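[1] Sequence and predicted structure below; questions after.
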Amino acid sequence: MQNSSYDLIVVGAGAAGMMAAVTAARRGNRVLLLEKLAKVGAKLKATGGGRCNLTNTLPNDAFMERFGRHGRFMTPALTALDHRALMAFFAEIGVESHAPDGYRVFPVGHNAMSIIAALEDEMARAGVEVRCSQRVLTLEHDGSRVSGVATADATYRASRVIIATGGLGYPQLGAEGDGYGMAEAAGHNVTELAPAMMPLHTKETWVEACRADTIPRAEVRVDLKKAKKLRASGDMIFTKSGIRGPVVLDFAREVTPLLRQYGEVPLLVNMTGGMNEDAILRHFRETMAARPECTTLQLAETLLPASVARELCTLAGADPDSRFNRLPGSVREKLVKLLAWTPLTVTGHDGFKMAMITRGGVSLKEIRPETMESRLLAGLYFCGEVMDLDGPCGGYNLQWSFASGFLAGHLGGTTAS
């Protein structure tokens with residue numbers, strides 16, 4: 001078997017791993033980056049539909065809040081590399097970025113390949129040794145300190161190893177959860193893993209008739225007593241078998257653990273811009289005063305796309321061609337309730353094959369946030385999605401990957417004299 005020695009070995013050539021490798025190499029370390037696929041950055045290439053939403057312009061406190069109760073873990077990493085510093089880093093290596101909507105940050109060319117190419121060039125310039133098609137099989141250690149890694153045909157020695165293997169989402173892009181096994185073999189706990197940021201299937205079949213329409217500013221909440229506080233808002237899109245769109249991708253990370261627990265998850269969706277029943281009734285009265293000939297369907301269409309309005313009329317048992325005031329009182333009441341809060345029942349999803357990220361990972365209790373180093377095994381570091389920390393759509397997860405990779409690479413390598 002081949003044997004080689006390095007100051008630092010990085011396992012996984014995604015956003016976090018490449019940033020860690022560059023950072024450590026810039027500090028004078030001999031760095032080896034191992035990637036099991038034939039090329040680096042496979043998942044990064046697919047980020048944001050290939051446009052690569054790098055980060056966003058939120059201040060750090062607001063940014064961390066979007067990650068929930070574990071968000072404060074990111075404080076040292078974001079202090080070291082916030083969104084401004086990340087944009088400056090990419091500008092330094094030849095990729096300018098901008099926030100066309102004032103919030104989401106993209107490379108100016110809106111092409112993920114420009115990010116990958118720049119990182120590859122910078123790794124070459126900094127002297128990172130990149131070896132692709134190298135699957136790490138074991139993490140070498142003596143129970144107290146890391147000593148390297150082993151692949152099928154080589155053992156690589158280093159006193160520091162960074163695991164940056166990502167999660168289980170998009171297995172077609174190489175995600176197999178390798179890092180979880182390495183972490184567990186080193187004594188770490190891995191929390192329950194669930195697919196996140198993906199479309200959801202619903203029990204209701206009427207959604208198929210609404211596929212042509214997007215609902216802007218939809219508010220979604222869980223209709224379970226123990227999860228009443230879970231809610232999100234954003235654009236929603238109907239699909240043949242359920243719902244998707246930014247709000248659904250964000251909310252899926254809350255729903256999938258509940259789905260595992262309860263079998264199905266009831267949701268309530270407000271598709272009328274936040275209008276409650278009283279506001280809807282007022283709107284109807286004002287509209288009917290101005291347009292006395294208005295049918296029930298035409299009234300509903302003033303609040304919703306035609307296909308959705310028709311389906312809700314059907315659900316309420318309301319004749320769409322009748323005038324609203326001529327409907328039975330119970331039918332009018334039911335339609336208004338449906339317009340204010342439409343029930344949907346999540347029954348499933350397509351699993352990790354459609355999940356952009358993974359919820360769960362290596363327990364944060366066992367990682368030092370100041371360095372990303374293991375509390376259990378000296379010289380072992382983690383960065384990116386392999387840890388139990390995930391955020392919503394909008395550049396959150398990539399920023400975390402780059403920031404944690406920067407911190408792990410900065411402190412996970414010695415400084416050459």
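    Thanks, I have it.

[2] Give the ranges of residues in the stretch 101-250 of the chain that sit below the confidence cut-off.
    In the predicted model of the stretch 101-250 of the chain, residues 170-175 satisfy pLDDT under 70.

[3] Okay, helices next: where are they in it?
    Here the stretch 101-250 of the chain has its helices, by DSSP state H, counting those that start in this stretch, at 112-126, 178-185, 246-262.

[4] Which residues in stretch 87-102 does the neighbour count mark as buried?
    Buried residues in stretch 87-102, counted by 16 or more other C-beta atoms under 10 Å: 87, 89-90, 93, 95, 97, 99. Heads up, the C-betas are built off the backbone N, CA and C, glycines and all.

[5] can you tell me the distance between the two ends of it?
    Taking C-alpha to C-alpha, to the nearest Å, stretch 87-102 runs 14 Å from one end to the other.

[6] Could you do stretch 40-49 as well?
    Terminal-residue distance, stretch 40-49 (C-alpha to C-alpha): 17 Å.

[7] starting at the chain centroid, how far to it?
    13 Å (C-alpha atoms, centre = their mean, to the nearest Å).

[8] now stretch 98-107
    18 Å.

[9] which regions of the stretch 251-400 of the chain lie under the pLDDT threshold?
    In the stretch 251-400 of the chain, no residues with pLDDT under 70.

[10] Tell me which stretches of it form helices.
    Along the stretch 251-400 of the chain, counting by DSSP H, counting those that start in this stretch, helices occupy 277-290, 296-301, 306-316, 329-340, 396-411.

[11] quick one: buried residues of the second one?
    Residues of helix 296-301 classed as buried under the neighbour-count rule (16+ other C-beta under 10 Å) are 296-301.

[12] which two in the buried residues of stretch 87-102 are spaced the farthest apart?
    Largest separation among these by C-beta to C-beta: I93 and A99, giving 19.0 Å.

[13] Just the ones in strands from the buried residues of stretch 87-102, please.
    Members of the buried residues of stretch 87-102 lying in strands (criterion: DSSP state E): S97.

[14] Break the protein down into its structural domains.
    Split into domains by automatic domain parsing, the chain comes to 2-194+358-411, 199-349.

[15] Return the most buried member of the ones you listed.
    Highest mean neighbour count among those (mean count of other C-beta atoms under 10 Å): domain 2-194+358-411, with a mean of 20.

[16] just to revisit the earlier point, closest to S307 out of the buried residues of helix 296-301?
    Ranked by distance to S307 (C-beta to C-beta), the buried residues of helix 296-301 are led by E301 at 9.7 Å.

[17] so what's the nearest residue to that closest one once chain neighbours are set aside up against?
    Leaving aside its chain neighbours, E301 sits nearest to A309 (4.7 Å; criterion: C-beta to C-beta, 6 or more residues apart in numbering). Shown in contact with A309 (C-beta atoms under 8 Å, 6 or more residues apart in numbering): 297, 300-301, 303.

[18] Identify the farthest-apart pair in those residues.
    L297 and L303 (11.3 Å).

[19] ok, so what distance separates G48 from F251?
    According to C-beta to C-beta, to the nearest Å, G48 and F251 sit 18 Å apart.

[20] er, E140 I mean
    In terms of C-beta to C-beta, E140 sits 41 Å off from F251.

[21] How about G245?
    Going from G245 to F251 by C-beta to C-beta gives 10 Å.

[22] try I243
    Distance check for I243 against F251: by C-beta to C-beta, it reads 9 Å.
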